[in-house]
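>>> Sharing a model that was predicted from the sequence below.
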Amino acid sequence: MSEVSQALRAGIVAAQAGHFERARPLLEQATAESPADPIGWFWLAIASPSADAAIPCLRRVLEIDASHEQARGALAKLLIAEASRIAAAGDRAGARAVVAEATRLTPDAQAVWLALYAVADEPGERLNASGSRSRNSRTFPAKRSTPCVNCCASRPIIPTARSR
């Protein structure tokens, strides 16, 4: 077994055991020695101490393997949380840009579209997947089994049992 795979294996075992401080240096070594391995980058994201540290790792996973669904979903969730933080700090335009990236990653996930709606400047404003403003653009993808924001804008955002 090569040293790279030993570092990766030891880093994964440490991360699985919840020993992230021990896992991080091993996973950093593994990704430095094998930068085209999405597994090392994914586990480095898991062992990261913050979303700011995990987001670049997950982006790297998707650069290497665009079909990595776990990385795609995790990155979208972290981007939504980051957008919420940015919006709370008063930068709604910055938050819209971050959420727009999440909508491109997981266009069928209702959470990303609700997050995009939440960072709109005005109640009637709609945002498309590029984060640009429009009064007439459709917010949700065409095939949806749940109500879209366009037809439910005057209703509470939280779905009721009846609307599911």
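Yep, it's here.
>>> How about the backbone phi and psi for I55?
Dihedral angles phi and psi of I55 (degrees, to the nearest 10) take the values phi -60, psi -50.
>>> which residues does it contact?
In this structure, I55 makes contact with 45, 75, 78-79, 82, judged by CB atoms under 8 Å, 6 or more residues apart in numbering. Backbone N, C-alpha and C define where each C-beta goes, glycine included.
>>> switch to 10 Å and redo it
With contact set as CB atoms under 10 Å, 6 or more residues apart in numbering, I55 has these partners: 45, 48, 74-75, 78-79, 81-82, 98, 101.
>>> Can I have the buried ones of these as a ChimeraX selection?
Provided next is the ChimeraX selection string for whichever of those are buried by 16 or more other CB atoms under 10 Å:
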select :45,48,74,75,78,79,82,98,101
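>>> From the contacts of I55, pick the one nearest R92.
Distances from the contacts of I55 to R92 were compared by CB to CB; the smallest belongs to V98, at 10.7 Å.
>>> That closest one reaches A89, doesn't it?
No - here V98 lies out of contact with A89, judged by CB atoms under 10 Å, at a distance of 11.9 Å.
>>> all helices of the protein, in order?
3-16, 20-33, 38-47, 51-64, 69-88, 92-105, 110-118, 149-152 (DSSP state H).
>>> For my notes, please list the ones you listed in TSV and give mean pLDDT for each entry.
What follows is these, written out as TSV (pLDDT from 0 to 100):
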stretch	mean pLDDT
helix 3-16	90
helix 20-33	96
helix 38-47	97
helix 51-64	97
helix 69-88	95
helix 92-105	93
helix 110-118	89
helix 149-152	40
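>>> Just say which of these is most tucked in.
Neighbour counts averaged per stretch over those are highest for helix 38-47, at a mean of 24; criterion: mean count of other CB atoms under 10 Å.
>>> Mind giving me the packing neighbours of that helix?
Packed against helix 38-47, as judged by 3 or more CB pairs under 10 Å, 6 or more residues apart in numbering; DSSP states H and E, are the following elements: helix 3-16, helix 20-33, helix 51-64, helix 69-88.
>>> Which among the ones you listed is found nearest to A111?
helix 69-88 (6.4 Å).
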